[in-house]
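Enquirer: sequence and predicted structure below; questions after.
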Amino acid sequence: MRRLLWLGPVVGVAVLGLLLVPGLVSETPASAQEGGRGTTSDGITVSVDVSDVSALTGDKFRFTSEITNDGSDATPPLIANLNFVSLDESTYIDPEDWSPQRTVSIPPIEPGSSATRTWTVNPALKGDVAVYVVVLPDSPGLATASPLVASPAIHVRVDQKRSLNPGGVLPVVLAVPAFLAVAMAGLRVARGRR
Amino acid sequence: MVRPIDEKTAVPILSADAMWRSFGSVMAVRDLSFEARPGEIIGLLGPNGAGKTTAIRVLSTILPPTRGKFTLDGIPHTRPAEIRRRIGVLPESSGYPLNQTGGEFLSYHARLFGHPAHRAREVAAALLTEVGLAERASSLIASYSRGMRQRLGVARALVNDPKVIFLDEPTLGLDPAGQRQMLQLIRDLARQRGTTVILSTHFLDEVEEACPRVIILNRGQVVAQGTVAEMRRRVAAPRTGRLRVPPEMHGRALTALQGARGLASVQSADDHAGSLTITLDEASLAEAQNGRGGMNGAIAALVDAGVPILSFELEGSRLSDAFFSMTKED
Amino acid sequence: MAAANDEVTRSQMASAPSTPGWLVVAGQEVRDLWLAGRGPVLVLAFSLLLSALTYLAATNKELNLLDQKDTVNLVMQVTLAVGVALALLLSADTVSGERERGTLEALLLTPLSPREIALGKLLAALTVWPVAAAVSVPYAWALRPGTGLFTDAVVAEIVVGTLVAIAFASFGIIVSTFASTNRVSLAVGFFVFVALMVPTQLPGGAAKGWLGDIFLRVNPLTAGAHFMDKVIVNNHTWSQEAGWLVAPILAALVAATAAVVVTGRLRLQGGIGR
């Protein structure tokens, strides 16, 4: 009994230290939320329903991300953002071209619940691209204080779609100048001067 | 259409009265006054820059006169569109649309002068025949030679059967045969159509050949006008004469002439043939201009020396003498 | 040699011609442009441009980089720009070009007034616009699927393009009347066109602000382009965007009136008045 007495102050100091120095332990809940409530990145996980996609340029595909609150408190309002990273130097990714809407707001998620979001990706260029979702609190203080939570990356392999007749315009594209050229030649022959 | 002309009594078709045209401070045409009768061919002579083209542009209403007036067929210059209906013009530096055929070009201008489309084609065909281009009616003007284009220009000037036609340097760039054809065409215009022709040129032989009347311009002013014969007489009497005497009398003739009055020089052209050239001195020339003296002294000297004169020929003064005399730089 | 005309014909010619002179001039100029001249070559070049553009637009549409409406609008805007530019350059060549080629004097020697001559030439130069618009129709048709706005787009193009073409072609003939050389006439026309076209290439944000807005509204080219853009891409009604048609309408009226007045001073030599 006497040996356990010195343990008490040690534990007390440890708890006090943990309370005063937030963020040192990842699973330590944030301190009092500024403008928010509940947990931030604590207890949030993001998952996606695909890991590998092969696509042709212009062939849109969709995937769903699920944001789960594994914590004990409701999350603050969240922002989910879709990101693209080129895995080869030759492919320049302009996010605007790859997805029409890349940032969405997620309302607070109750503990144990999840929110899903379907994302549309438009592979614009040939190459290897990693696509992932990042979640962060939708409030300035929390957003900069909390670590980001990212989903696993989806590996998207894009090949060039080869279409000689995009949108079915090829006949017009060829026929109109051809018709005009023939008409022009016909005019010259009709005048019979050259 | 033949219009019988009595030049002496016909009312002037064109009358310019003290006409001036200036460009800023430059007087291009000064005090131009003349009349032209139906069917006349009048040569408008002058060195470069004399104002011939400007005068034609004023008379054809391209430019308004700065001062003075003119009337054409009784129409004052203040009604230019009506005047243009009655005239034809071949401008000096006329260009042609190279992508049109000769027939298309003439039809177009015939229509601009009011011919309906079908009539315009007939007019064009007839005119091309008249100027000798019937076979090239369907050819592009780009393939026409210089002479053909000039003839096409004359045809264009005739689409409205004008009463007065202005031809500005029509033979410029033509070979001798082309010049001859053009002058013949001009004479035919006046004779057969009764068209008054104002021919602007600096080729004196053309004027001598084709123009009974001539107006000489210099620095925008009329320095002389009248018939070619009047021009010649006005400026110079015969200055030289060429005579032939029997070859054996050559020496005696030479001696007699060297002592004769009024001769500036006596030269042997050919000793064996007895040919001699004599030139009057200034005093004798002045007498000759006044209708006296002249070669008489030389002839008298030969007669007194008993030398028979086999032939005697005066080298008459030319229009070129008149022209250079009147347009020389002071 | 027989004369070509008789007295009856001469008296007919002395009175007013059966066909108005300006119409005769316009008819011949149209024949010169389209049967014997540059017209067919210009239109063929334009169609090749549209073909390349349409193919690229359709490819981008398949890559979902462009909306279908954007592709139709692109064809209409390029047609507006090129068609108007051609009308301007052809009209800028009319008088000064004839002057340089030495063919103007023969026209001035006809009974037609200078104004009639200029009107006929202006009308002929303007024919390039309806031809360009007609060439653009099959391309718009090919790009139309799913847009439901083919008719609206074509009508907007015709209305806006006709107004702007009249304005610029009238300006071109004014310049041509006074230009001392054809080179000057074409250069001035081209420069003015480019200067008015530049704002259409600015990013959208650069045009904001009250001064930028005024400039866009006053410039008939940008105003017309804006109108077409809103009607075709944003599905706005004509009444919603009617204010943007004011500049093209005014420009057409003012320029055409000025051309009628100014071309009365058409002379053999260029330069300002005598």
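Expert: That came through, no problem.
Enquirer: switch to C-alpha atoms for all contacts and neighbour counts from now on
Expert: Noted.
Enquirer: so which elements touch the helix or strand B:Leu199 falls within?
Expert: Using DSSP states H and E, B:Leu199 sits within strand B:196-201. When contacts are defined as 3 or more CA pairs under 8 Å, 6 or more residues apart in numbering or on different chains; DSSP states H and E, strand B:196-201 packs onto strand B:41-45, strand B:164-168.
Enquirer: what would those look like in TSV with distance to chain C, mean neighbour count and mean pLDDT?
Expert: Formatted as TSV, those follow (distance: least, CA to the nearest CA, whole Å; neighbours: other CA atoms under 10 Å in any protein chain shown; pLDDT from 0 to 100):
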stretch	distance to chain C	mean neighbour count	mean pLDDT
strand B:41-45	18	27	91
strand B:164-168	11	26	95
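Enquirer: which one of those strands lies nearest to A:Ser72?
Expert: Among the helices and strands packed on strand B:196-201, the nearest to A:Ser72 by CA to CA is strand B:164-168 (108.4 Å).
Enquirer: just the residues contacting that closest one, thanks.
Expert: B:13-14, B:38, B:53, B:56, B:60, B:86-92, B:154, B:157-158, B:195-201 (CA atoms under 8 Å, 6 or more residues apart in numbering or on different chains).
Enquirer: give the burial count for the nearest residue to B:Ser60 once chain neighbours are set aside, as a bare number.
Expert: Of all residues not flanking B:Ser60 in the chain, B:Arg84 sits nearest, at 6.7 Å (CA to CA, 6 or more residues apart in numbering or on different chains). Counted with other CA atoms under 10 Å in any protein chain shown, residues neighbouring B:Arg84 total 25.
Enquirer: ditto for C:Pro145
Expert: By other CA under 10 Å, neighbour count at C:Pro145 equals 15.
Enquirer: residues touching it, list them.
Expert: By CA under 8 Å, 6+ apart, the neighbours of C:Pro145 are C:Gln68.
Enquirer: pretty sure it sits in a strand.
Expert: No. Counting by DSSP: H, G, I helix; E, B strand; the rest coil, C:Pro145 is located in no strand; its state is coil.
Enquirer: what pLDDT does the most centrally placed residue in chain B get?
Expert: By CA atoms, centre = their mean, chain B has its centre lying nearest to B:Val207, at 2.5 Å. Per-residue pLDDT puts B:Val207 at 80.
Enquirer: in the helix or strand that comes right after the strand holding B:Leu199, which residues are buried?
Expert: Using DSSP H and E, the helix or strand that follows strand B:196-201 towards the C-terminus is helix B:204-210. By 16 or more other CA atoms under 10 Å in any protein chain shown, the buried positions in helix B:204-210 come out as B:204, B:206-208, B:210.
Enquirer: just give me the neighbour total for B:Asp304.
Expert: Around B:Asp304 there are 10 residues (other CA under 10 Å).
Enquirer: do the same with the one 3 residues further on
Expert: Counted with other CA under 10 Å, the neighbours of B:Val307 add up to 18.
Enquirer: in chain A, what residue lies closest to chain C?
Expert: A:Gly58 (3.8 Å; CA to the nearest CA).
Enquirer: so that residue sits in a helix?
Expert: No. Counting by three-state DSSP, one finds A:Gly58 to be coil, located in no helix.
Enquirer: can you pull the contacts of it?
Expert: Listed by CA under 8 Å, 6+ apart, the contact set of A:Gly58 reads A:122-124, A:161, C:62-64.
Enquirer: okay, strands next: where are they in the stretch 1-150 of chain B?
Expert: B:14-23, B:26-36, B:41-45, B:67-72, B:75-76, B:87-90 (DSSP state E, counting those that start in this stretch).
Enquirer: what about the longest one and chain C, touching?
Expert: Spelled out, it's strand B:26-36. No. No part of strand B:26-36 sits near chain C under the criterion CA under 8 Å from any CA of the partner chain; the closest distance found is 13.4 Å.
Enquirer: mind jotting down where the helices sit in the stretch 101-250 of chain C?
Expert: C:104-108, C:114-126, C:128-143, C:150-178, C:182-197, C:210-218, C:220-232, C:238-241, C:246-262 (DSSP state H, counting those that start in this stretch).
Enquirer: quick one, which of the ones you listed is nearest to chain B?
Expert: helix C:104-108 (6.8 Å).
Enquirer: what lies in contact with that closest one?
Expert: If you take CA under 8 Å, 6+ apart as the criterion, helix C:104-108 is touched by B:62, B:91, B:94, C:95, C:98-99, C:114, C:117, C:268.
Enquirer: quick one, the strand holding B:Leu199 and strand B:14-23 angle?
Expert: Inter-element angle recorded for strand B:196-201 and strand B:14-23: 40 degrees (by axes from the mean of the first three to the mean of the last three CA atoms, to 10 degrees).
Enquirer: I'd say C:Leu196 and C:Leu221 touch.
Expert: Yes. Counting by CA atoms under 8 Å, C:Leu196 does reach C:Leu221; the two are 6.6 Å apart.
Enquirer: near chain A, which residues of chain C?
Expert: Near chain A, when you scan chain C using CA under 8 Å from any CA, you find C:35-36, C:40-41, C:43-44, C:47-48, C:50-52, C:54-55, C:58-59, C:61-65, C:135, C:138-139, C:142-143.
Enquirer: which helices and strands does the top helix by length along chain A pack with?
Expert: Counting by DSSP state H, the longest helix found in chain A is helix A:170-191. In terms of contacts (3+ CA pairs under 8 Å, 6+ apart), helix A:170-191 is packed against helix C:39-62, helix C:128-143.
Enquirer: run through the stretch 151-300 of chain B and note the low-pLDDT ranges.
Expert: Low-confidence segments of the stretch 151-300 of chain B (pLDDT under 70): B:232-238, B:270-272, B:282-294.
Enquirer: for chain C, what are the nearby residues on it?
Expert: Within the stretch 151-300 of chain B, the positions adjacent to chain C are B:159-161, B:192-193 by CA under 8 Å from any CA.
Enquirer: turn the strands of the stretch 1-150 of chain B into CSV, including distance to B:Glu169.
Expert: Below are the strands of the stretch 1-150 of chain B laid out as CSV (distance: least, CA to CA, whole Å):
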stretch, distance to B:Glu169
strand B:14-23, 20
strand B:26-36, 18
strand B:41-45, 10
strand B:67-72, 22
strand B:75-76, 26
strand B:87-90, 8
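Enquirer: quick check: closest non-adjacent residue to A:Thr45.
Expert: A:Thr68 is the one closest to A:Thr45 (CA to CA, 6+ apart), at 5.3 Å.
Enquirer: the one you found belongs to a strand, doesn't it?
Expert: Yes. Under three-state DSSP, A:Thr68 sits within a strand.
Enquirer: OK, contacts around A:Val121?
Expert: A:60-62, A:98-99.
Enquirer: for it, name its beta-bridge partners.
Expert: The partner list for A:Val121 in beta bridges (DSSP bridges) reads A:Phe61.
Enquirer: mind pulling up the pLDDT for it?
Expert: pLDDT, A:Val121: 92.
Enquirer: where does the prediction get shaky in the stretch 1-150 of chain C?
Expert: C:1-17.
Enquirer: what sits closest to the residue of the stretch 101-250 of chain C found nearest chain B if chain neighbours are left out?
Expert: Distances between the stretch 101-250 of chain C and chain B by CA to the nearest CA are smallest at C:Gly102, namely 4.2 Å. The spatial neighbour of C:Gly102 that comes closest, neighbours along the chain excluded (CA to CA, 6+ apart), is B:Gly95 at 4.2 Å.
Enquirer: I'd say the one you found and C:Arg101 touch.
Expert: Yes. Between B:Gly95 and C:Arg101 there is a contact at 5.8 Å, judged by CA under 8 Å.
Enquirer: what is B:Ser275 paired to in the beta sheet?
Expert: If you apply DSSP bridges, the partners that B:Ser275 bridges to are B:Arg244, B:Asp270.
Enquirer: need the residues of the stretch 151-274 of chain C near chain B, please.
Expert: With CA under 8 Å from any CA as the criterion, the stretch 151-274 of chain C meets chain B at residues C:267-268.
Enquirer: dump the longest helix of chain A to PDB, keeping only the CA atoms.
Expert: Extracted as PDB, the C-alpha positions of helix A:170-191 are listed here (Å, rounded to 0.1, in the frame of the first residue of the first chain):
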ATOM      1  CA  LEU A 170     -15.800  14.300 -88.800                       C
ATOM      2  CA  PRO A 171     -18.100  14.100 -91.700                       C
ATOM      3  CA  VAL A 172     -18.900  17.800 -91.500                       C
ATOM      4  CA  VAL A 173     -15.300  18.800 -90.900                       C
ATOM      5  CA  LEU A 174     -14.300  17.000 -94.100                       C
ATOM      6  CA  ALA A 175     -17.300  17.600 -96.200                       C
ATOM      7  CA  VAL A 176     -17.700  21.300 -96.000                       C
ATOM      8  CA  PRO A 177     -14.200  22.300 -97.200                       C
ATOM      9  CA  ALA A 178     -14.300  19.500 -99.800                       C
ATOM     10  CA  PHE A 179     -17.600  20.800-101.100                       C
ATOM     11  CA  LEU A 180     -16.200  24.400-101.300                       C
ATOM     12  CA  ALA A 181     -13.000  23.200-103.000                       C
ATOM     13  CA  VAL A 182     -15.000  21.400-105.600                       C
ATOM     14  CA  ALA A 183     -17.300  24.300-106.100                       C
ATOM     15  CA  MET A 184     -14.300  26.600-106.500                       C
ATOM     16  CA  ALA A 185     -12.700  24.300-109.000                       C
ATOM     17  CA  GLY A 186     -16.000  24.000-110.900                       C
ATOM     18  CA  LEU A 187     -16.300  27.800-111.100                       C
ATOM     19  CA  ARG A 188     -12.800  28.000-112.600                       C
ATOM     20  CA  VAL A 189     -13.500  25.300-115.100                       C
ATOM     21  CA  ALA A 190     -16.800  26.900-116.100                       C
ATOM     22  CA  ARG A 191     -15.100  30.100-116.800                       C
END
